[in-house]
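Enquirer: Structural data only, the sequence is not supplied:
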């Protein structure tokens, strides 16, 4: 540890400057940001392991010691779940890694996952007081490090004893929101059963995020932790199609939580979109990243692997697709086709850096006009047109406008459409008096409660907000769970469901 490093106690008086920010601590500003050890690009193209290799304990101590432990804690304000970041950084800097992990668990149900996939540069790290003048503290990487340390050495924290209340809650969807609600209610003594459409629970965490960003062992360990808490899982059941929400309530559940997310991929409505080897992003990713035995029969075949793959879109899902394509065929060409510039891309900058390192080509300001097939009905190329940015739209983003006369052909024998997601209407259409918004999302009175228009139904996550972050789904789900608990305590349970 550098000799000039001085460790401060939580709660120490910190001198503030005239703006209310902490005065500079020269000792901590002299600590260099820790390098991020990663697999080399050419190596990682031949495996599906996480790119980031993780901090060693010594490096974690040094990096956490850069934290100024600001009393006004802008990093906490920027975190949707309000993680107690200064306290956790202090514990990690002292080498008390397990205690640091438990500090994150006070506010988050899946900190090892959020530490890997949250866009920290837009949240906690973006608010770090270092950011205007230096690299922010690597909060996300330290969060994942200390929780990995706890899980691998001691296991996840589990309550010693839970007193059953007799209430039973059905949870629709085994993704981030459903898992968080299940844990919060189970810890309060309520019986919880998760219904999920996939063969294995985990939703987005298991099926939507490739191994090179989140190894499957972590969501699987989370599922096992919930089973130890008494959470039941019923898979291969699509609520809204095979069973109705009201049917669950009629079977004796005291409440239903809707956490089915936003899973319906958007389409381009472009000629040739129905050609063979043109995939929706989810289909492409699960075929490429998930073991066949975890998939429905119709999705067990690997996606087509050709000479040139084009991915349409610019978000994190598009980056997942292009990077998956490079691993499916390291020697093949992969293009990301996006109708705006990189400055307008909604996904993480870190993912674009990784994609470039791995050899992905970017076609900015480009829009496919039609997909061109061969004699076998397979996609062979795209006719594209160049775009320019026009006036801002309703959200303030400059609208892309076609540039006449700039059409060109881009060869592609595999295409993935990563155009964003909407909420599947099956549940809202089969649940009477369940109110939805004009965007098709589930209406709730407030994210502070998650109450829907139906007295016994709550909702949170992407099916309420639209496609968003794992951490925002967890934050809203925790609030909904607290409101479910308060409401159930005001009335007797219907009955005890058979185990």
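Expert: Received it, and whenever you're ready, just let me know what you need. A quick note: this is a predicted structure, and the numbers were derived from the prediction, not measured.
Enquirer: For the longest helix along the chain, name the packing helices and strands.
Expert: Identified as the longest helix of the chain according to DSSP state H is helix 470-488. Secondary-structure packing of helix 470-488 (3 or more Cβ pairs under 8 Å, 6 or more residues apart in numbering; DSSP states H and E): helix 111-117, helix 176-187, strand 255-258, strand 457-459, helix 462-465. From N, CA and C alone the C-beta is placed, and that goes for glycine too.
Enquirer: Pull out the buried positions in it.
Expert: Using 16 or more other Cβ atoms under 10 Å as the test for burial, helix 470-488 gives 470-485, 487-488.
Enquirer: do stretch 173-190 as well
Expert: Within stretch 173-190, the residues that qualify as buried are 173-190, counting by 16+ other Cβ under 10 Å.
Enquirer: Same check on stretch 271-284?
Expert: For stretch 271-284, burial by neighbour count (16+ other Cβ under 10 Å) applies to 272, 275, 277-284.
Enquirer: same question, stretch 324-336
Expert: For stretch 324-336, burial by neighbour count (16+ other Cβ under 10 Å) applies to 324-329, 332-336.
Enquirer: again with stretch 89-100
Expert: Neighbour-count burial for stretch 89-100, counted by 16+ other Cβ under 10 Å, picks out 89-93, 96-100.
Enquirer: For that stretch, give the mean pLDDT please.
Expert: Stretch 89-100 shows a mean pLDDT of 96.
Enquirer: Residue 29 - nearest residue in space that isn't next to it in sequence?
Expert: Using Cβ to Cβ, 6 or more residues apart in numbering and skipping the chain neighbours, the partner closest in space to residue 29 is residue 134 (7.2 Å).
Enquirer: Check residue 418 too.
Expert: Counting by Cβ to Cβ, 6+ apart, the nearest residue to residue 418 once its immediate chain neighbours are dropped is residue 313, at 3.4 Å.
Enquirer: burial of that neighbour, as a residue count?
Expert: 25 (other Cβ atoms under 10 Å).
Enquirer: Now do the contacts for it.
Expert: Residue 313 is in contact with 281, 321, 336-338, 417-420, counting by Cβ atoms under 8 Å, 6 or more residues apart in numbering.
Enquirer: Now tell me what touches the strand or helix carrying residue 221 from outside.
Expert: Assigned by DSSP states H and E, residue 221 belongs to helix 217-228. By Cβ under 8 Å, 6+ apart, the residues outside helix 217-228 that reach it are 110, 112-113, 116, 151, 156, 158, 179, 182-183, 186, 201-202, 205-206, 233.
Enquirer: what's the answer for stretch 235-250, then?
Expert: For stretch 235-250, the surrounding residues in contact (Cβ under 8 Å, 6+ apart) are 170, 172, 174, 195-201, 256, 258, 260, 424, 426-427, 429-432, 434, 456-457.
Enquirer: So which of the residues you listed belong to helices?
Expert: Using DSSP H, the subset of those located in helices is 426-427, 429.
Enquirer: mind putting the residues you listed in TSV, neighbour count included?
Expert: As requested, the ones in helices among the contacts of stretch 235-250 are arranged in TSV below (neighbours: other Cβ atoms under 10 Å):
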residue	neighbour count
426	17
427	25
429	11
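Enquirer: could I get these as TSV with distance to residue 120 and pLDDT?
Expert: Listed next are these as TSV, based on distance: Cβ to Cβ, whole Å; pLDDT from 0 to 100:
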residue	distance to residue 120	pLDDT
426	34	96
427	32	97
429	38	97
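Enquirer: Break the protein down into its domains, please.
Expert: Annotated domains of the chain cover 26-153, 168-263+422-488, 267-419 [automatic domain parsing].
Enquirer: so which of those is the most packed in?
Expert: Greatest average neighbour count among the domains of the chain goes to domain 168-263+422-488 (a mean of 21), per mean count of other Cβ atoms under 10 Å.
Enquirer: can you pull the pLDDT of the residue lying closest to residue 451 once chain neighbours are set aside?
Expert: Counting by Cβ to Cβ, 6+ apart, residue 451 lies nearest to residue 445, which is 4.8 Å off, once chain neighbours are set aside. At residue 445, the pLDDT value in this model is 97.
Enquirer: what does residue 15 give?
Expert: 48.
Enquirer: Could you check how sure the model is about stretch 32-48, as an average pLDDT?
Expert: For stretch 32-48, the per-residue pLDDT averages 94.
Enquirer: Stretch 284-302 now?
Expert: 95.
Enquirer: One more: stretch 250-268?
Expert: Per-residue scores along stretch 250-268 average to 96.
Enquirer: Next: stretch 174-191.
Expert: Mean predicted confidence for stretch 174-191 is 98.
Enquirer: from the chain's centre, how far out does that stretch sit?
Expert: From the chain centre to the centre of stretch 174-191 is a distance of 18 Å (Cα atoms, centre = their mean, to the nearest Å).
Enquirer: Turn the helices and strands packed on helix 470-488 into CSV, including distance to residue 355.
Expert: Converted to CSV, these look like this (distance: least, Cβ to Cβ, whole Å):
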stretch, distance to residue 355
helix 111-117, 16
helix 176-187, 24
strand 255-258, 34
strand 457-459, 34
helix 462-465, 24
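Enquirer: Adding secondary structure, pLDDT and distance to residue 298, write the contacts of residue 313 out as JSON lines.
Expert: JSON lines is the format used below for these (DSSP: H, G, I helix; E, B strand; the rest coil; pLDDT from 0 to 100; distance: Cβ to Cβ, whole Å):
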{"residue": "281", "secondary structure": "helix", "pLDDT": "97", "distance to residue 298": "17"}
{"residue": "321", "secondary structure": "helix", "pLDDT": "98", "distance to residue 298": "20"}
{"residue": "336", "secondary structure": "strand", "pLDDT": "98", "distance to residue 298": "27"}
{"residue": "337", "secondary structure": "strand", "pLDDT": "98", "distance to residue 298": "27"}
{"residue": "338", "secondary structure": "coil", "pLDDT": "98", "distance to residue 298": "30"}
{"residue": "417", "secondary structure": "strand", "pLDDT": "98", "distance to residue 298": "18"}
{"residue": "418", "secondary structure": "coil", "pLDDT": "97", "distance to residue 298": "21"}
{"residue": "419", "secondary structure": "coil", "pLDDT": "96", "distance to residue 298": "22"}
{"residue": "420", "secondary structure": "coil", "pLDDT": "94", "distance to residue 298": "23"}
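Enquirer: Out of the residues you listed, which comes closest to residue 358?
Expert: residue 336 (11.4 Å; Cβ to Cβ).
Enquirer: Could you report the distance from the closest one to residue 205?
Expert: 24 Å (Cβ to Cβ, to the nearest Å).
Enquirer: can you list the weak-confidence ranges in the stretch 1-150 of the chain?
Expert: 1-26 (pLDDT under 70).
Enquirer: Please enumerate the helices of it.
Expert: Counting by DSSP state H, counting those that start in this stretch, the segments of the stretch 1-150 of the chain that form helices are 26-29, 41-44, 57-64, 74-78, 85-93, 97-105, 111-117, 124-127, 139-153.
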